[in-house]
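Novice: this one's structure only:
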């Protein structure tokens, strides 16, 4: 039982990432509504972020803010061990990715809004129907 | 037996992601997406990525929900699936 | 078509699930991702830049190019929303006014409409009655939200936070004002032109600081070159350079969030909205 739980804990994040990736892809391919497709895009993005942040985690590490003396900065670097801190590099990449994600969400929603003003619907099949009748 | 908190959060994340794409109402979908973002924020905090958690809480749960609601306000809540 | 999509997703998902067994275990300190570049950042951030928060120092100093073009992407997104949605204000046909002494709602068509005064109050066509509790609570909260945002920007060196988070919180305070009152009041205080100007200014602050380092005879985005201007040693100059750049990022992100919200919530009219 203990062994199975540790095996699950070792891989659960990767399984979740794959499931979320597939949920997002399913919504983007199969769903009929444009806003649902955009929601799928957001889920897809967060799945990638989950993958990166899981890669950087270290068991027993603390958050990536280095402990230091206020009195003499710079002189204490010999005491800093990289193994004590969680890998900060994925955090940096994903922090910017989240903010760019919301900017692309804004552009996607404004495109959907423009399509609604033009065709009066957000459903993909109704839009295709109107395009065919032109 | 102690179940780690991240396993519980992971299950809740999958449930809310599936709920966000299956509910037959776009406004509910936007709100569930906000809840999904908050759960992700919890997960980042558990995993020690505090900066990412802060960004997710402000951007994902705050501003992107407002954008979705504003877009749905000017289009329609109706959806077929 | 739907069947094809489902088959693709099942195939992709099972392949990815199969190959997760090759990944390093979750929490493994010796995984390849943690061995190559990040130990240098963690061990040298204090002696190089005097910034204890490794994320901030990597974001704005070691990987400065990345963040600079990230802010450019955000500016482009704001501009794209503007160009997609914005339509001139003259396209608004009908205006609704509330005559306050009698409580009668009047509809005006065409160009003639009364000046806004104590008697006539402009209301949206999809009007929800004015709610004093929400309005008052939000007005009380907004100051504290903005002070907290400034704290987040300024204290990003020592705690979680920085330009992106502080900028979004600042933008969210203006969005909260627009939601709790009405959109026109928010646009009167923080106009569309201001938003456009600020979003470009933020990127300019970032790129200008980086270019100033080059003018002073060192590499692009090497803030140590700013030491003679800031009057500090080269290590603290990098710390201060990160702070200047974070301010630029915060200004750009704040303005772009507000700008996208104005365009989305009013469908481009910037007159009546959520």
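Specialist: Here it is on my side, so go on. Note that the structure is predicted; figures quoted are calculated from it, not measured.
Novice: Return the distance of the helix or strand of chain A with the lowest mean pLDDT from the chain's centre.
Specialist: Across the helices and strands of chain A, mean pLDDT, DSSP states H and E gives its lowest value to helix A:2-30, namely a mean of 88. What separates the centre of helix A:2-30 from the centre of its chain is 13 Å, taken as CA atoms, centre = their mean, to the nearest Å.
Novice: burial of residue A:125, as a residue count?
Specialist: Residue A:125: 10 surrounding residues under other CB atoms under 10 Å in any protein chain shown. The way it works is simple: take the backbone N, C-alpha and C, and place the C-beta from them, glycine included.
Novice: name the element it belongs to?
Specialist: Secondary structure from DSSP states H and E places residue A:125 in helix A:124-133.
Novice: ditto for residue C:98
Specialist: Following DSSP H and E, one finds residue C:98 within strand C:94-99.
Novice: before we move on, the earlier item: the least confident helix or strand of chain A close to chain C?
Specialist: Yes - contact of helix A:2-30 with chain C (CB under 8 Å from any CB of the partner chain) involves A:9-15, A:18-19, A:21-22, A:25-26, A:29-30.
Novice: centroid residue for the chain?
Specialist: Using chain A. Centroid check for chain A by CA atoms, centre = their mean gives residue A:46 as the closest residue, at 1.8 Å.
Novice: nope, chain B
Specialist: What sits nearest the mean C-alpha location of chain B, by CA atoms, centre = their mean, is residue B:36, with 1.9 Å.
Novice: got the angle for the longest helix seen in chain B vs helix A:2-30?
Specialist: Ranked by number of residues, the top helix in chain B under DSSP state H is helix B:26-46. Angle, helix B:26-46 to helix A:2-30, by axes from the mean of the first three to the mean of the last three CA atoms, to 10 degrees: 140 degrees.
Novice: Figure out how far the next helix or strand after helix B:26-46 is from the centre of its chain.
Specialist: The helix or strand immediately downstream of helix B:26-46 is helix B:50-55, counting by DSSP H and E. Relative to the centre of its chain, helix B:50-55 is centred 15 Å away, using CA atoms, centre = their mean.
Novice: packing partners for the next helix or strand after helix B:50-55?
Specialist: Later in the chain than helix B:50-55, the nearest helix or strand by DSSP H and E is helix B:64-74. Secondary-structure packing of helix B:64-74 (3 or more CB pairs under 8 Å, 6 or more residues apart in numbering or on different chains; DSSP states H and E): helix A:34-56, helix A:89-119, helix B:26-46, helix C:163-180, helix C:234-265.
Novice: Buried ones in stretch A:101-119, by neighbour count?
Specialist: A:101-113, A:115-116 (16 or more other CB atoms under 10 Å in any protein chain shown).
Novice: err, stretch C:225-242, not the other one
Specialist: Of the residues in stretch C:225-242, C:225, C:226, C:227, C:235, C:236, C:237, C:238, C:239, C:240, C:241, C:242 count as buried by neighbour count, 16+ other CB under 10 Å.
Novice: Excluding residues flanking it in the chain, which one is nearest the last one?
Specialist: If I follow you right, that is residue C:242. The shortest distance from residue C:242 to any non-neighbouring residue, by CB to CB, 6 or more residues apart in numbering or on different chains, is to residue C:60 (4.3 Å).
Novice: Next, the contact list for that neighbour, please.
Specialist: C:67, C:162, C:163, C:241, C:242, C:245, C:246, C:249 (CB atoms under 8 Å, 6 or more residues apart in numbering or on different chains).
Novice: got JSON lines for the residues you listed, with pLDDT too?
Specialist: Shown next, in JSON lines, are the contacts of residue C:60 (pLDDT from 0 to 100):
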{"residue": "C:67", "pLDDT": "91"}
{"residue": "C:162", "pLDDT": "86"}
{"residue": "C:163", "pLDDT": "87"}
{"residue": "C:241", "pLDDT": "90"}
{"residue": "C:242", "pLDDT": "91"}
{"residue": "C:245", "pLDDT": "92"}
{"residue": "C:246", "pLDDT": "92"}
{"residue": "C:249", "pLDDT": "93"}
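Novice: Which single one of these is nearest to residue B:44?
Specialist: residue C:162 (15.2 Å; CB to CB).
Novice: Spit out the contact partners of the closest one.
Specialist: Neighbouring residues of residue C:162 by CB under 8 Å, 6+ apart: B:51, C:53, C:55, C:56, C:59, C:60, C:152, C:153, C:156, C:246, C:249.
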